[in-house]
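A.B. asks: sequence first, then the predicted structure, then my questions.
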Amino acid sequence: MSESATNSIKSRVEKSPSLRRLYNNIMKDLEKVEQELRLFSRSPNKLISDISTYLFQANGKRIRPALVLLCSKLFGYKGKEHILMSTLVEAIHTASLIHDDIIDNSKIRRGRESIHAKWGPNVTVLLGDYLYIKALSLSLQSEHSQIIQILTSISARMVEGELTEYYLSGNLDMAEKDYLDIINKKTASLFSASCQIGGILGRATKKEENHLAEYGANLGMSFQIIDDLLDFTGEEKTLGKPILSDLSEGRITLPLIYTLHNDGRENRKLVIELMKQKDQDKESLREILKIVKSNGALDYTYKKAEEFSRKSREIMSQFPKSTHQEALSLLSEFIIKRRK
Ligand code: FPP
Ligand code: MG
């Protein structure tokens, strides 16, 4: 497969001044990761090769591979395994997203039709399984047996997070701590693992490894909170996916949890009524948005993301100064300022 010049990782990064600063020192490695992802898509099976080619051509930000690369380089890592490990975490992430889009009934991802909208759910489930198993089996090539342990245990956590989210969807009594637990499992765990894997490759001490895992977990929390906030405040064109989709699928995220617990009784009653009507009457979603915008829920949510981001930067500041350490701190700022 030849990647079109307009969609190469280099051109994607060049279009974004913030990503350019962040990825400046790892651009060559990121290009190698893209190459590996293209090899990953190769298969004599036409469905596998067509769908995975379509998948890996999409405009992803490649944050998780960047975390593996940057964290390994914090310790001056000079080997080659970081490319394969970065490819694996992106493949696991991609597998999880295509399953997630079926669960969330999302027809659009990264500005294009989602895999299940294009190929149907049966093929999509199997392709997600294929990508996931293939990624895990490649991790056996690592000289560090701990990496496979980390990847299998966080995969189980991701599924657990996704299952709890599904189980609690539509439950308007959901508490903030339930929400934080869900996003910790479904999102922060892979961020954390990516950083820890980078540290393991760089032969970090156990203490440094734990700090990296903590840095990644806080980063992942802020990432998901912003993702959920953008579902209320974002622009569909920039995001590459429809807004208000969490609400319309009954997924209760922080802005709504804040509203239900902190707005007055009248608005709480109104939101509960509007949530019941949302399937028949799309206008009710706009009404909920108005309420959420009026009561400080969006500010509260942003502040929560900032708290996790600040924590991640505090942890990162304990590592010796270097261009990679600086990029990891900047990444945490980028995540809370992003529009997509
Ligand atoms: C996106 O959340 C989804 C995730 C971060 C995790 C999904 C995990 C699974 C489906 C478990 C299966 C895992 C493996 C490893 C195969 P979101 O729906 O809030 O984000 P979105 O708005 O981008 O869809
Ligand atoms: Mg989703």
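C.D. replies: The structure has been received and is ready for your questions. Ligands and ions are numbered 1, 2, ... in the order given.

A.B. asks: what mean pLDDT would you report for stretch 187-194?
C.D. replies: For stretch 187-194, mean pLDDT rounds to 98.

A.B. asks: report whether it contacts ligand 2.
C.D. replies: No: on the criterion Cβ under 5 Å from the ion, stretch 187-194 is out of touch with ligand 2, staying 10.6 Å away. Where you see a C-beta, it was placed from the backbone N, CA and C, and this is true even at glycine.

A.B. asks: quick one: residues in contact with that stretch.
C.D. replies: 63-65, 67-68, 71, 86, 89, 92-93, 96, 150-151, 154, 157-158, 161, 213-214, 216-221, 223-224, 227 (Cβ atoms under 8 Å, 6 or more residues apart in numbering).

A.B. asks: show the buried residues in the residues you listed.
C.D. replies: Neighbour-count burial (16 or more other Cβ atoms under 10 Å) applied to the contacts of stretch 187-194 gives 63-65, 67-68, 71, 86, 89, 92-93, 96, 150-151, 154, 157-158, 161, 213-214, 216-221, 223-224, 227.

A.B. asks: and ligand 1, which of those reach it?
C.D. replies: With Cβ under 6 Å from any ligand atom as the criterion, the members of the buried ones among the contacts of stretch 187-194 in contact with ligand 1 are 92, 96, 158, 227.

A.B. asks: residues touching the first one, list them.
C.D. replies: I take that to be I92. Counting by Cβ under 8 Å, 6+ apart, I92 touches 131-132, 135-136, 151, 155, 190.

A.B. asks: 7 Å instead, please
C.D. replies: With contact taken as Cβ atoms under 7 Å, 6 or more residues apart in numbering, I92 is in contact with 132, 135, 151, 155, 190.

A.B. asks: what does the second one give?
C.D. replies: Applying Cβ under 7 Å, 6+ apart to S96 gives the contacts M158.

A.B. asks: you'd agree it is in a strand?
C.D. replies: No: going by DSSP: H, G, I helix; E, B strand; the rest coil, the assignment for S96 is helix, not a strand.

A.B. asks: coming back round to it: out of the ones next to ligand 1 among the buried ones among the contacts of stretch 187-194, who's nearest ligand 2?
C.D. replies: Lowest distance from ligand 2 to those (Cβ to the ion) belongs to D227, with 8.8 Å.

A.B. asks: does that closest one lie in a helix or a strand, and which?
C.D. replies: Assessed by DSSP states H and E, D227 sits inside helix 206-233.

A.B. asks: interface residues of the stretch 1-150 of the chain facing ligand 2?
C.D. replies: Near ligand 2, when you scan the stretch 1-150 of the chain using Cβ under 5 Å from the ion, you find 100, 104.

A.B. asks: which residue does the stretch 1-150 of the chain have closest to ligand 2?
C.D. replies: Closest point on the stretch 1-150 of the chain to ligand 2, by Cβ to the ion, is D104, at 3.6 Å.

A.B. asks: quick check on that residue: phi, psi?
C.D. replies: When read as degrees, to the nearest 10, the backbone of D104 gives phi -80, psi 0.

A.B. asks: go ahead and confirm it touches E249.
C.D. replies: Yes: the pair D104 / E249 is scored as a contact, 5.6 Å apart, by Cβ atoms under 7 Å.
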